[in-house]
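In: just the structure for this:
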Amino acid sequence: MLVRVEHVMGMAVSLDLADPLPVPELERLADEVFDWLRLVDTTFSTYKADSEISRLGRGELRREDCSPMVGEVLDRCAALWDETRGYFDIMAGGRLDPSGYVKGWAVQRACDRLQLLGSSNHCLNAGGDIFVRGAAPGRSAWRVGVRHPWEALSLAWVLEVTDMAVATSGTYERGLHVYDPFTGEPAAALRSVTVVGPELGTADAYATAALAMGEAGIDWLAQLPGHECAVVTEDGRAMRSDGLPVVTEG
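Out: Numbers count the residues shown, from 1 in each chain. Sure thing, here's the model as predicted:
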């Protein structure tokens, strides 16, 4: 087993490789993951003036001159705009910013690559957006903690998942950073939204969209096929879908 943590994409990213492979092979797999995430950051960071996405947003670069993965991400974000009734909007903050999809997409792509390279048991966590495959050592699945939205050292839920994505969007770390694209106002009704599903980029975007919807996002989440969810409102109410794979609560 190998555990590696690096600071990339503006956050701590942790990788657990639980396969019975030689250490040099595990190290090589970890190198592949973090090299990929650094490439994504170089391409999509809205904090780097020379990134492709920043230059595209300023009109200095045409879409057809961008890397193919930029087109892939923008196409998926357009589809997600439709799926979320316009609440997942990469222009909601007034500038081009696909970050609400990119982080989850990048992690999912890294895990898909790990599987192709022979890793069947791994967990990749990028700032609380997580994809797991297989199982942790000695278990039949992975256990994933969802942070309590007011108590930083406590958990709201513990989930048991395998071959699954867990994405959380909330206001408790970055403040009111998600906007309602129809009013232009910061979304403040929900404190935390967690979505569990088969693909992390989509789960991440759904969590962001539900946060932007406010109270209406609760009913919208409940109708998503193939996904489970948990929500904490700003006034302290907590609710979850019946199928959420909870181990313990508290």
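In: against residue 128, how distant is residue 223?
Out: Separation of residue 223 from residue 128 (CB to CB, to the nearest Å): 24 Å. Quick note: C-beta positions are derived from backbone N, CA and C, even for glycine.
In: the two: which is more packed in?
Out: Of the pair residue 223 and residue 128, residue 128 is the one with more neighbours under other CB atoms under 10 Å, namely 20 against 7.
In: SS state for the residue nearest to that one when sequence neighbours are not counted?
Out: Once flanking residues are discounted, residue 128 sits nearest to residue 168: 4.9 Å by CB to CB, 6 or more residues apart in numbering. The three-state assignment at residue 168 reads strand, by DSSP: H, G, I helix; E, B strand; the rest coil.
In: tell me how many other residues surround residue 168.
Out: Neighbours of residue 168 under the rule other CB under 10 Å: 25.
In: is it true that it touches residue 194?
Out: Yes - counting by CB atoms under 8 Å, residue 168 touches residue 194, with 4.5 Å between them.
In: which neighbours do the two share?
Out: Taking CB atoms under 8 Å, 6 or more residues apart in numbering as the contact rule, residue 168 and residue 194 both touch 146, 207.
In: where does the chain dip in pLDDT?
Out: Scanning the chain with the threshold set as pLDDT under 70 gives 248-250.
In: give the buried residues for stretch 143-161.
Out: 144-149, 156-157, 159-161 (16 or more other CB atoms under 10 Å).
In: what's the span of that stretch, first residue to last?
Out: Stretch 143-161 has its terminal residues 6 Å apart, counting by CA to CA, to the nearest Å.
In: tell me how far it lies from the chain's centre.
Out: Distance, stretch centre to chain centre, for stretch 143-161: 15 Å (CA atoms, centre = their mean, to the nearest Å).
In: show residues contacting that stretch.
Out: 123, 128, 130, 132, 136, 141-142, 166, 168, 170-172, 191-192, 194, 196, 230, 232, 238, 240, 244-250.
In: scan this protein for its longest helix.
Out: When the chain is parsed with DSSP state H, its longest helix is helix 23-44.
In: what sits up against it?
Out: Under CB under 8 Å, 6+ apart, the answer for helix 23-44 is 1-2, 4, 6, 8-10, 13, 15, 17, 19, 21, 48, 51-53, 67, 69-70, 73, 98-99, 102, 106-107, 109-110, 113-114, 117-119, 124, 126.
In: ok, stretch 75-89 next?
Out: The contact list for stretch 75-89 (CB under 8 Å, 6+ apart) reads 90, 98, 100-101, 105, 180-182, 201-202, 205-206, 208-210, 212-213, 217, 220.
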